[in-house]
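Undergrad: below: sequence and its predicted model.
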Amino acid sequence: MTTKKIRKRKGLYKKMPNGSSSIVQKLWNYCNVLRDDGMSYGDYVEQLTYLLFLKMADERSKPLYNQKSPIPTEYNWQSLLKKDGEDLFNHYRHVLERLGKEKGLLGLIFNKAQNKFQDPAKLRRLIVDLINKENWSSMSADVKGDAYEGLLEKNAQDTKSGAGQYFTPRPLIQTIVDVMAPKPNETICDPACGTGGFLIAAHDFIADHYRLTKDQKRFLDEKALWGWELVQNTARLCAMNFMLHGIGGDTLPIIVIDSLAGHPGDYFDIVLTNPPFGKKSSITIVNGEGKADRETLIYERQDFWATTSNKQLNFLQHVKTLLKQHGRAAIVVPDNVLFEGGAGETVRRKLLHECDVHTLLRLPTGLFYAQGVKANVLFFDKKPASEKPWTKKLWIYDFRTNKDFTLKTNPLKRSDLDEFVKCYNPENRHNRKPTWSEKKPEGRWRAFDYEELVNRDKASLDIFWLKDESIEDSDNLPDPDILAREIVEDLQAALVQFQAIAEDLGETA
């Protein structure tokens, strides 16, 4: 299929789910009512997840589906509809407690579930007036999936909830998936899957770009995608996101575990991931005086090149171990992974030698809901053992210098990355042409040879060449609000670094 045809098809695809925005608006408007009762955005999305699951299980037990419901009769959707007031309140609590004790899919959705409603009348209204009036199972996966994604994005925008660290901007995910171009029968995993954005985008890419046989469709829906997530509440949202997008069979391929703790024993064709921000892995322990301390986690793994407490370097190493031979990876990494010494230098040198590290996309600030993040996307392929280094050229696209985005007034759009996709040349990435030259110093795309990279101080990949226009031309400074926001972002990034240093000093004291 040609690129032109693909784009045309995408345009039609994006226009189909017209009903999703109105459903999101209805559900989200009701959240504002519940906010007055003290329910957070995250709590609201969780409660919706429980109720939507019960409603869809009820729908699928009736014609045309006639599936056996996994929900015991006394705790199903109809049992909620029959009750009101305090009886509904108490019964809803018992439903959550009972289903949370189940194993498998029910346990994944309802584990540690709690009733966060304060007013029985508002719970009744959500059940009867909003959720029960829609037939969720009959909606296309596009509509209900987009509706739920809309809620997740709105939740991520609530900076107080901290949910932003589990939500990668969808235009960025779409760009990464477009250049990785997953194929039918390939296995795809995300070891820090959050709410499932990468996996769902990969699923949709394959479904949109190929005429799948029945076996290929079944494989895509039930066996192709795998995700690991450390936080139970986030895994719950991911599970519901999968269901609403029509992904998964009787069991959903989401595992609630610290994926860095060990190798799963399976290998994958593609790894797509944006590990949570934060430099260190740690656990909270209670000392002998009853005070809570944070203890740094250092993963001792024989399949890692370096032992470190740096969570981002550990994820980078973990991703490499997950790949099949010639498998492909795209991972979002903060700047420190590109230049940090010690374990960082060891990991970079090993990665450049043992893998084909072919592309680096440098991202601007203002894309992520977690503030003060300076990030990049690193693309590499795993290769067989060799005395000669596999990396020949690292192509870098500088999407940071002189670029400005904000989450509200100027959010990233997929079209903003069209030039990067064209430069990447996913149809034949071995045939690339730079946009930078001595005559075109403003070009954002250029290559660096392996020898040039390893001869840099600490084999640093923190490379810039474009002139910052705001520094060069004082008469052409950005608007004051943009300058102020950039200062805040720089200070926040610096604070993260100082916190890491303080932790190191605390450990060595």
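TA: That came in fine, so what should we check first? Numbering: from 1, shown residues only.
Undergrad: same for the top strand by length along the chain, what does it pack against?
TA: Using DSSP state E to define each element, the chain has its longest strand at strand 323-334. Counting contacts by 3 or more C-beta pairs under 8 Å, 6 or more residues apart in numbering; DSSP states H and E, strand 323-334 packs against helix 170-180, strand 268-273, helix 311-322, strand 375-382. Every C-beta, even on glycine, is put in place using the N, C-alpha and C of the backbone.
Undergrad: ok, now with 10 Å
TA: Where contact means 3 or more C-beta pairs under 10 Å, 6 or more residues apart in numbering; DSSP states H and E, strand 323-334 is packed against helix 170-180, strand 188-190, strand 268-273, helix 311-322, strand 355-362, strand 375-382.
Undergrad: I'd like the next helix or strand past that strand.
TA: helix 336-339 (DSSP states H and E).
Undergrad: pLDDT of that following helix, averaged?
TA: Mean pLDDT, helix 336-339: 96.
Undergrad: strands along the chain, start to end?
TA: 188-190, 225-229, 254-256, 268-273, 282-286, 292-296, 323-334, 355-362, 375-382, 393-398, 445-449.
Undergrad: can you put the ones you listed in TSV and add mean neighbour count?
TA: Output for the strands of the chain, formatted as TSV (neighbours: other C-beta atoms under 10 Å):
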stretch	mean neighbour count
strand 188-190	28
strand 225-229	25
strand 254-256	19
strand 268-273	24
strand 282-286	10
strand 292-296	11
strand 323-334	20
strand 355-362	22
strand 375-382	22
strand 393-398	22
strand 445-449	17
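Undergrad: export the ones you listed as JSON lines, with columns for distance to residue 456.
TA: Listed next are these as JSON lines, based on distance: least, C-beta to C-beta, whole Å:
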{"stretch": "strand 188-190", "distance to residue 456": "31"}
{"stretch": "strand 225-229", "distance to residue 456": "33"}
{"stretch": "strand 254-256", "distance to residue 456": "38"}
{"stretch": "strand 268-273", "distance to residue 456": "26"}
{"stretch": "strand 282-286", "distance to residue 456": "31"}
{"stretch": "strand 292-296", "distance to residue 456": "29"}
{"stretch": "strand 323-334", "distance to residue 456": "17"}
{"stretch": "strand 355-362", "distance to residue 456": "13"}
{"stretch": "strand 375-382", "distance to residue 456": "16"}
{"stretch": "strand 393-398", "distance to residue 456": "11"}
{"stretch": "strand 445-449", "distance to residue 456": "9"}
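Undergrad: now the weakest link among those, please, by mean pLDDT.
TA: Ranked on mean pLDDT, the bottom entry among the strands of the chain is strand 282-286, at a mean of 40.
Undergrad: roughly how far does residue 241 sit from residue 148?
TA: 6 Å (C-beta to C-beta, to the nearest Å).
Undergrad: go on, residue 381?
TA: Distance from residue 381 to residue 148, by C-beta to C-beta: 33 Å.
Undergrad: what does residue 323 give?
TA: 30 Å.
Undergrad: cool, residue 412 as well?
TA: The gap separating residue 412 from residue 148 is 21 Å, by C-beta to C-beta.
Undergrad: what's the domain layout of the protein?
TA: 19-149, 160-462 (automatic domain parsing).
Undergrad: so which of those domains is nearest residue 491?
TA: Closest to residue 491 of those, according to C-beta to C-beta: domain 160-462, at 7.4 Å.
Undergrad: taking the mean pLDDT, what do you get for stretch 468-483?
TA: Stretch 468-483 comes out at a mean pLDDT of 62.
Undergrad: list the contacts for residue 124?
TA: Residues counted as contacts of residue 124 (C-beta atoms under 10 Å, 6 or more residues apart in numbering) are 80-81, 83-85, 88-89, 92, 117.
Undergrad: in helices, which of those residues appear?
TA: 80-81, 85, 88-89, 92 (DSSP state H).
Undergrad: need the residues you listed in CSV (columns: pLDDT and neighbour count).
TA: Formatted as CSV, those follow (pLDDT from 0 to 100; neighbours: other C-beta atoms under 10 Å):
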residue, pLDDT, neighbour count
80, 96, 23
81, 96, 15
85, 93, 11
88, 96, 21
89, 94, 19
92, 97, 24
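Undergrad: from these, pick the one nearest residue 459.
TA: Out of the ones in helices among the contacts of residue 124, the member with the shortest distance to residue 459 (by C-beta to C-beta) is residue 92, at 56.7 Å.
Undergrad: from residue 79, how far out is the closest one?
TA: 10 Å.
Undergrad: common neighbours of those two, please.
TA: What both residue 92 and residue 79 touch, as defined by C-beta under 10 Å, 6+ apart, is the set residue 54.
Undergrad: and the helices in the stretch 51-200 of the chain?
TA: 77-81, 85-99, 104-110, 120-125, 141-157, 170-180, 197-209 (DSSP state H, counting those that start in this stretch).
Undergrad: for the stretch 51-200 of the chain, give me the ranges with low pLDDT.
TA: Counting by pLDDT under 70, the stretch 51-200 of the chain contains low-confidence ranges at 159-166.
Undergrad: sorry, back to before: distance to residue 468 added to the domains of the chain, as TSV?
TA: As requested, those are exported to TSV (distance: least, C-beta to C-beta, whole Å):
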stretch	distance to residue 468
domain 19-149	35
domain 160-462	6
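Undergrad: so which of these gets nearest residue 469?
TA: domain 160-462 (5.1 Å).
Undergrad: what's the spacing between the closest one and its chain's center?
TA: 9 Å (C-alpha atoms, centre = their mean, to the nearest Å).
Undergrad: from here on, call the first residue 115.
TA: Shifting the count to begin at 115 puts that one at domain 274-576.
Undergrad: if we can go back for a sec, ok, residue 526 and residue 262, which is more surrounded?
TA: residue 262 (26 against 22; other C-beta atoms under 10 Å).
Undergrad: settle this for me: the more buried one is touching residue 360, isn't it.
TA: No: taking contacts as C-beta atoms under 10 Å, residue 262 lies outside contact range of residue 360: 11.9 Å.
Undergrad: could the helices of the stretch 165-314 of the chain be laid out in CSV, adding distance to residue 146?
TA: Output for the helices of the stretch 165-314 of the chain, formatted as CSV (distance: least, C-beta to C-beta, whole Å):
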stretch, distance to residue 146
helix 191-195, 23
helix 199-213, 21
helix 218-224, 25
helix 234-239, 12
helix 255-271, 11
helix 284-294, 24
helix 311-323, 25
